[in-house]
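A.B. asks: Curious how this folds, go ahead:
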Amino acid sequence: MAGTLPPLFDITDNDEGGYAAVAVYTLLALSLVMVVARLSTRWYIGGALHSDDILLGVSMLFGILQSVFVQLAMSNGLGRKVATIGSLELVRYLKYEYAAQILLIVTIAFSKISLGLLFKNLMTSRRFLRTNQALMGIIIAWAVGSILALALRCSMPTPWQWNSPAKCINQTALFEAIATLNILTDIAIVVLPCLLIRSVQLSGWKRFRIMALLATRILVCISAGIGVHFTVNMLKSSDIPWANTDSTIWDQVMMNLSIMTTAIPALGRLVIELQPSLYAFTIDDDPADAPGAADRYKFSSMGKSFSQGKNTVQVTSGWRESSSKGDGESVEGLVNSPIMIQQTIHFEVH
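C.D. replies: Alright, predicted model coming up:
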């Protein structure tokens, strides 16, 4: 038909790479939109980007780079029957896929650490802070160990030649171990803040909405489980480039969901804060602080900070944990100025 544009990606009996290409570009576009929305909104509201925002941006950059290598792998045989791939193309395909698998871990690791730092701003309890620090340490160890294992899984001088089982370690066991730890750390990232929110004085509906935002991370666990299933099938296949289509699609789903579910909690919080004149604050005078530190207070909102006189006031995103043994005062108010509470809604002394 005249005027009909040719398809962007050809899908034939010998080439299914177009399915992977659609997944790469669609999911990457969604992730990019959400990350830009998160960073621009945080900048507009708070006037600054914080460590969790920066790491999310870094994760997005590595995600883009990873997607570039996936596209290069597709251009050199991913999704095609091995009989239709030339020897030079096959070598390039193996190299690009080798790099993409490593960059996948880097991208996911940065998104996890970004989420951990975001939750760190919600915590004033030392117990939760230490648990969160331990979890981030485990995530870093998982990432470093996974990257080294993937990089060195096959013998030198061609560690990228992962299609030769005789030259490599048991790759099925390796990918299953990496995926298992990935899923467990994601579950921990969901459970820890949910335990924190359970102890906060919130309405049942508001608590449910916040937990639902955090629980979107479970989608990453589901996609990781499906992805490793197809990866194992691909490693057992006699036609690896052809069988790699499904595993590539689910790897891209997992990676981009990891980025998007890192952006979602902060975006949800910002949507609430954009409502006119409605802010939640916590004043924390911690009796466990060093002598003379009783005039130091923490205000809970948007991760901003300001100074007045000799005192520095730190403003952090989050909710305050209420405890009978806990810290002295808690206030929720309507605020138009960062240093003036105009209307007090609730006040407690423990």
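
A.B. asks: Now do the helices in the stretch 101-250 of the chain.
C.D. replies: Using DSSP state H, counting those that start in this stretch, the helices of the stretch 101-250 of the chain run over 126-151, 171-198, 204-215, 218-236, 240-273.

A.B. asks: Would you indicate which residues of the shortest one are buried?
C.D. replies: Same thing as helix 204-215. Buried residues in helix 204-215, counted by 16 or more other C-beta atoms under 10 Å: 207, 210, 213-214. C-beta here means a position set from N, CA and C on the backbone, and glycine is covered the same way.

A.B. asks: so what secondary structure elements neighbour the helix or strand hosting residue 72?
C.D. replies: Applying DSSP states H and E as the criterion places residue 72 in helix 51-75. With contacts taken as 3 or more C-beta pairs under 8 Å, 6 or more residues apart in numbering; DSSP states H and E, helix 51-75 sits against helix 17-46, helix 87-120, helix 240-273.

A.B. asks: Include mean pLDDT, distance to residue 159 and mean neighbour count when you put these into a markdown table, please.
C.D. replies: Output for those, formatted as a markdown table (pLDDT from 0 to 100; distance: least, C-beta to C-beta, whole Å; neighbours: other C-beta atoms under 10 Å):
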| stretch | mean pLDDT | distance to residue 159 | mean neighbour count |
| --- | --- | --- | --- |
| helix 17-46 | 87 | 24 | 18 |
| helix 87-120 | 91 | 7 | 22 |
| helix 240-273 | 82 | 16 | 23 |
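
A.B. asks: closest one to residue 151 among these?
C.D. replies: Nearest to residue 151, of all those, is helix 87-120, at 6.1 Å by C-beta to C-beta.

A.B. asks: picking up where we left off before, now tabulate the buried residues of helix 204-215 in a markdown table and tack on distance to residue 240.
C.D. replies: As requested, the buried residues of helix 204-215 are arranged in a markdown table below (distance: C-beta to C-beta, whole Å):
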| residue | distance to residue 240 |
| --- | --- |
| 207 | 47 |
| 210 | 44 |
| 213 | 39 |
| 214 | 37 |
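
A.B. asks: shaky segments in the protein?
C.D. replies: 1-14, 46, 121-124, 199-204, 266-350 (pLDDT under 70).

A.B. asks: Show me it divided up by domain.
C.D. replies: Annotated domains of the chain cover 17-273, 298-349 [automatic domain parsing].

A.B. asks: Next one: residue 159 from residue 72, what distance?
C.D. replies: Applying C-beta to C-beta, to the nearest Å, the value for residue 159 to residue 72 is 18 Å.

A.B. asks: same question, residue 172
C.D. replies: To residue 72, residue 172 is 25 Å away according to C-beta to C-beta.

A.B. asks: re earlier: if we take the buried residues of helix 204-215, which one ends up nearest to residue 136?
C.D. replies: Proximity of these to residue 136 (C-beta to C-beta) peaks at residue 214, which lies at 16.4 Å.

A.B. asks: hang on, that closest one packs against residue 192?
C.D. replies: No. Checked against C-beta atoms under 8 Å, the pair residue 214 and residue 192 is beyond contact range at 9.3 Å.

A.B. asks: Make CSV out of the helices of the stretch 101-250 of the chain and add distance to residue 96.
C.D. replies: Compiled in CSV, the helices of the stretch 101-250 of the chain are given as follows (distance: least, C-beta to C-beta, whole Å):
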stretch, distance to residue 96
helix 126-151, 14
helix 171-198, 17
helix 204-215, 35
helix 218-236, 15
helix 240-273, 11
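
A.B. asks: list the contacts for residue 24?
C.D. replies: Contact analysis of residue 24 by C-beta atoms under 8 Å, 6 or more residues apart in numbering lists 67, 70-71, 248, 252.

A.B. asks: at 7 Å what do you get?
C.D. replies: Each residue near residue 24 by C-beta atoms under 7 Å, 6 or more residues apart in numbering is listed here: 67, 70-71, 252.

A.B. asks: likewise residue 72?
C.D. replies: residue 96.

A.B. asks: check contacts around residue 77.
C.D. replies: By C-beta under 7 Å, 6+ apart, residue 77 lies in contact with 85, 89-90, 93, 241.

A.B. asks: circling back to that earlier point, taking helix 87-120 as reference, get the angle to the helix holding residue 72.
C.D. replies: 160 degrees (axes from the mean of the first three to the mean of the last three C-alpha atoms, to 10 degrees).

A.B. asks: Next one: residue 197 from residue 265, what distance?
C.D. replies: Taking C-beta to C-beta, one finds residue 197 at 11 Å from residue 265.

A.B. asks: do residue 96 as well
C.D. replies: Between residue 96 and residue 265 the computed distance is 33 Å (C-beta to C-beta).

A.B. asks: cool, residue 71 as well?
C.D. replies: Distance, residue 71 to residue 265, by C-beta to C-beta: 30 Å.

A.B. asks: Residue 72 now?
C.D. replies: Applying C-beta to C-beta, the value for residue 72 to residue 265 is 33 Å.

A.B. asks: Need phi/psi at residue 78.
C.D. replies: phi -60, psi 130 (degrees, to the nearest 10).
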